[in-house]
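Q: got a predicted structure here, sequence first:
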Amino acid sequence: MREKYEKGKSYKFYIIIGILGGSLVLILILGVPWATIFPPETVTPTEANSSVLMTDWTSKENLDKLCPFDFYGDKGEITNIDERYDLTFYELVDTNVMPDDFNEDLSEYDYIMIRVNPKESTDGFWTTYDYFYPNFGKNFVFDMYAYHEATDLYGNVLDVIGGDEWDLATDGNYTIPLWFPPETFTEPHQGKYFAIEDDIDDLSAKTLARLYNERYHRCMPTLYTLTDDTCVHGLSGEYEWISESFAIEFVFNETISMTDGEVTQVNFTSTCDYDYLLEYDDDTIYFVTTESWNTFYDNFEMFFEVSLGENISVSTIKAGRVTIPGRFFGKDYTFTSLQTLAEA
């Protein structure tokens, strides 16, 4: 089990020992229910046809002429909850269409799927992301975001007082600031202010600086991908709408304990401006964001206070993308683009 933590609040948990199975994850603190926001984005009823509005998550630029999507409607054969997430129960209504060009009557469908930028592997720019909506035989304006994922991230683990790097073994209050590359020449940007086909020689130095600085248009998205959806939705928990997100991994030198006075005891308090989950597995603590974030409007910073037993220290702290198969976290996770922030 795992627990949901809300932005801007501080939480403490005491690590619990006694793992009977290798991948067992134990609950960390008092239960705080998390009601899944459903559907994932706002929809507005319309009178005639359905349409799509697409916005870049970070720059907030209108992408109605730039970001394509595939549109699926159910075949009318869905009889149970998990069939709603099985693409074999859907038909393709329109493919690789721009939002500006989509205006169709979808009142015959009870459920729809929208796959943003289905050709990411060839088109680049925005990360493929699937939206699921109960349609209820009506037409809506579907208001969605497109996520341009950061190519990398940088950061450090610092003492809140003085700003020195943490030695990974001393009790205290610490901070993890993170930022994106200041320059990139991969998929620079598309938006209403300038597009990739613009002549680079015609752009000002100021515009070029924004074009190449990922801070202005990249983000760390929390993604849902239909093809990765293998969970039982009637039983799934906090990760029901997440198949990939951002995480920070704290690996300790040995299995950690909650027993007061034990030489392997760890007490851990955390806070962040983004919603997140904390999970524990043997010798590792995972901090996993459950909402997308960028560094354009706010810096990313995760704070924590830690108290370590006599024999315990941190071996490594890493950050990166994590896939969550089956919507359950634990030892079956897969990290991608993992960046070492601190190492013993």
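A: Received it, and whenever you're ready, just let me know what you need. Residues are numbered from 1 along each chain as shown.

Q: dump stretch 99-107 to CSV, keeping only the CA atoms.
A: This file holds the C-alpha atoms of stretch 99-107, laid out as CSV (Å, rounded to 0.1, in the frame of the first residue of the first chain):
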residue,chain,number,x,y,z
PRO,A,99,-7.9,20.1,-33.0
ASP,A,100,-8.9,22.9,-35.4
ASP,A,101,-10.1,20.4,-37.9
PHE,A,102,-12.2,18.3,-35.5
ASN,A,103,-15.9,19.0,-35.3
GLU,A,104,-18.0,15.8,-35.1
ASP,A,105,-21.2,14.5,-33.6
LEU,A,106,-20.1,11.9,-31.0
SER,A,107,-23.5,11.5,-29.3
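
Q: quick check: chain neighbours aside, which residue is closest to the most centrally placed residue in the chain?
A: Residue closest to the average C-alpha location in the chain (Cα atoms, centre = their mean): Thr222, at 1.9 Å. Leaving aside its sequence neighbours, Thr222 sits nearest to Ser245 (Cβ to Cβ, 6 or more residues apart in numbering; 4.4 Å). Where C-beta positions appear, they are placed from N, C-alpha and C, glycine not excepted.

Q: thought Phe287 was touching that neighbour, still the case?
A: No. Counting by Cβ atoms under 8 Å, Ser245 does not reach Phe287; the two are 10.6 Å apart.

Q: follow-up on the earlier one: and the residue nearest to Thr222, what helix or strand is that in?
A: Using DSSP states H and E, Ser245 falls within strand 244-252.

Q: quick check, distance from the very next helix or strand once past that strand to the centre of its chain.
A: Where DSSP H and E defines the elements, the next helix or strand beyond strand 244-252 is strand 266-272. Averaging C-alpha positions (Cα atoms, centre = their mean, to the nearest Å) puts strand 266-272 20 Å from its chain's average.

Q: and strand 266-272, which residues are buried?
A: Val266, Asn267, Phe268, Ser270, Thr271, Cys272 (16 or more other Cβ atoms under 10 Å).
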